[in-house]
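**Student:** after the sequence you'll find the predicted model.
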Amino acid sequence: MSFIVSPNTLAVSCYAKLNLTFSILGILPDGYHQVDTLYQSVNLEDRLLLTFDRDGNSIGFDLSKSKAPSGFPFDSKNIIVNSIKKYLQKIDTTIGVSIAIEKDIPMAAGLAGGSSDAAGALFVLNTYFENKLSKEELTALAIQIGADVPFCLHGGSMRGENKGEILTQVQHETGIFFLLAKPSDVSLSTPLVFKAYDERNRNYNQAPKRTTEAAIHALSNGNIKELAKLCGNDFESCVFEMHPELKLVCNDMKDNDALTAHLSGSGPTVYGIFHDFISAEVALSSLGAKFPNFDTWICASANRGVALMEPLE
Ligand code: ATP
């Protein structure tokens, strides 16, 4: 980590999320999809460093300190810039903010990288301004930025209902190991995947709620084998049809002792659940040999969504 933290700077780790269950239950009156999902934070992270200038008023990236993949929007379209503006507007303050980012969460991958960065920015601002917004006010602001942002602010294991923003924490002590795989050259836009899903599915019902309820029960009891049986994602048939190699990768993980393997969010990242780090490593080496066009990560479950980083001595 190359960030050095000084009195006017704060740094934060922003964790990726997986959807262990993901059910689409219907369409809400405002046109958004009603979902029921079991979110899980994992320790794949972006790192943000915000430097404040009390006399300034511009908000932008410090490119010399940032490292992000090509295509990353280093401009006002970035969700981080939008989040900072929204927070400052809410507390009626003007201040200069210079943003540096080290981005390791792949973009448009179903891992909520952008939402997690937004949550990290809100968290840092509220820390800098000594919790001027209450937890409830910060969550309300997060909802305005994106459906996954409230979860990313909190993190850990949570059920997300409605658009994903109505959250219930799942208490458990169990660590879970994951192998993540994403085709290097495929990104998927969440709205386009919802559109493709809607073209194929016209009938919705509330029955899948029971799957998430059962998955939460299994996780609360530390029963990962049972949890694995209940994992799934309604986008899978549609996304696997568009990118058949994703199903092959899931099958390869299962052939190599994954308890299960599924798509996360709108994809294209797929994840396998493993008993331990070593079995995830064995599966990774099989996968790497057969699917060299995939990026891979071994991750563990994380019990939070964002975390302030300690200053370096
Ligand atoms: P979700 O799982 O919530 O659907 P995702 O992982 O599929 O999210 P993101 O990585 O959040 O998708 O990015 C979606 C799009 O948002 C990107 O294609 C990018 O153009 C834009 N974007 C804006 N700001 C950011 C950011 N800080 N990080 C990543 N993408 C960003």
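**Tutor:** Perfect, thanks for sending it. Bear in mind the structure is a predicted one, so any value in this text is a computation, not a measurement.
**Student:** count of residues packed around the closest residue to the ligand within the stretch 201-313 of the chain?
**Tutor:** When scored by CB to the nearest ligand atom, the stretch 201-313 of the chain has Gly265 as its residue closest to the ligand, at 3.9 Å. Using the backbone N, CA and C atoms, a C-beta is placed for each residue, glycine as well. Neighbourhood size, Gly265 [other CB atoms under 10 Å]: 25.
**Student:** OK, contacts around it?
**Tutor:** Gly265 makes contacts with Lys17, Leu18, Asn19, Phe22, Gly110, Leu111, Ala112, Thr190, Asn233, Phe235, as judged by CB atoms under 8 Å, 6 or more residues apart in numbering.
**Student:** ok, and which of those reach the ligand?
**Tutor:** By CB under 6 Å from any ligand atom, the members of the contacts of Gly265 lying near the ligand are Gly110, Leu111, Ala112, Thr190.
**Student:** hang on, the earlier thing: using a markdown table, lay out the contacts of Gly265 together with secondary structure and pLDDT.
**Tutor:** Shown next, in a markdown table, are the contacts of Gly265 (DSSP: H, G, I helix; E, B strand; the rest coil; pLDDT from 0 to 100):
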| residue | secondary structure | pLDDT |
| --- | --- | --- |
| Lys17 | strand | 98 |
| Leu18 | strand | 98 |
| Asn19 | strand | 98 |
| Phe22 | strand | 96 |
| Gly110 | coil | 97 |
| Leu111 | coil | 98 |
| Ala112 | coil | 98 |
| Thr190 | helix | 95 |
| Asn233 | strand | 96 |
| Phe235 | coil | 95 |
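**Student:** and the stretch 101-250 of the chain, which of its residues are near the ligand?
**Tutor:** By CB under 6 Å from any ligand atom, the residues of the stretch 101-250 of the chain that approach the ligand are Met107, Ala108, Ala109, Gly110, Leu111, Ala112, Gly113, Gly114, Ser115, Asp117, Asp148, Thr190.
**Student:** pLDDT value on Leu125, please?
**Tutor:** pLDDT for Leu125: 97.
**Student:** name the helices or strands packed onto the strand or helix carrying Asn126?
**Tutor:** According to DSSP states H and E, Asn126 maps onto helix 113-128. Helix 113-128 is packed against strand 9-27, strand 33-53, helix 79-90, helix 135-145, helix 149-154, strand 306-308, with contacts defined by 3 or more CB pairs under 8 Å, 6 or more residues apart in numbering; DSSP states H and E.
**Student:** can you report phi and psi for the nearest residue in space to Thr168 that is not next to it in sequence?
**Tutor:** Leaving aside its chain neighbours, Thr168 sits nearest to Arg159 (4.5 Å; criterion: CB to CB, 6 or more residues apart in numbering). Arg159 has phi and psi values of phi -80, psi 140 when expressed as degrees, to the nearest 10.
**Student:** mind listing the helices for the stretch 151-300 of the chain?
**Tutor:** Using DSSP state H, counting those that start in this stretch, the helices of the stretch 151-300 of the chain run over 190-200, 209-220, 224-230, 236-242, 245-255, 277-290.
**Student:** show me what counts as buried in the second one.
**Tutor:** With burial defined by 16 or more other CB atoms under 10 Å, the residues of helix 209-220 counted as buried are Thr211, Thr212, Ala215, Ile216, Ala218, Leu219.
**Student:** which two from these end up farthest apart in space?
**Tutor:** Among the buried residues of helix 209-220, the pair separated by the greatest distance (CB to CB) is Thr211 and Leu219, at 12.5 Å.
**Student:** how about the residue nearest to Gly160 when sequence neighbours are not counted, what does it touch?
**Tutor:** Spatial nearest neighbour of Gly160, chain neighbours left out: Thr37 (4.7 Å); criterion: CB to CB, 6+ apart. By CB under 8 Å, 6+ apart, the contact set of Thr37 is Asn19, Leu20, Thr21, Phe22, Ser23, Arg159, Gly160, Gly164, Thr212.
**Student:** how about the first one, what does it touch?
**Tutor:** Residues counted as contacts of Asn19 (CB under 8 Å, 6+ apart) are Thr37, Leu38, Tyr39, Gln40, Gly110, Asn233, Ser264, Gly265.
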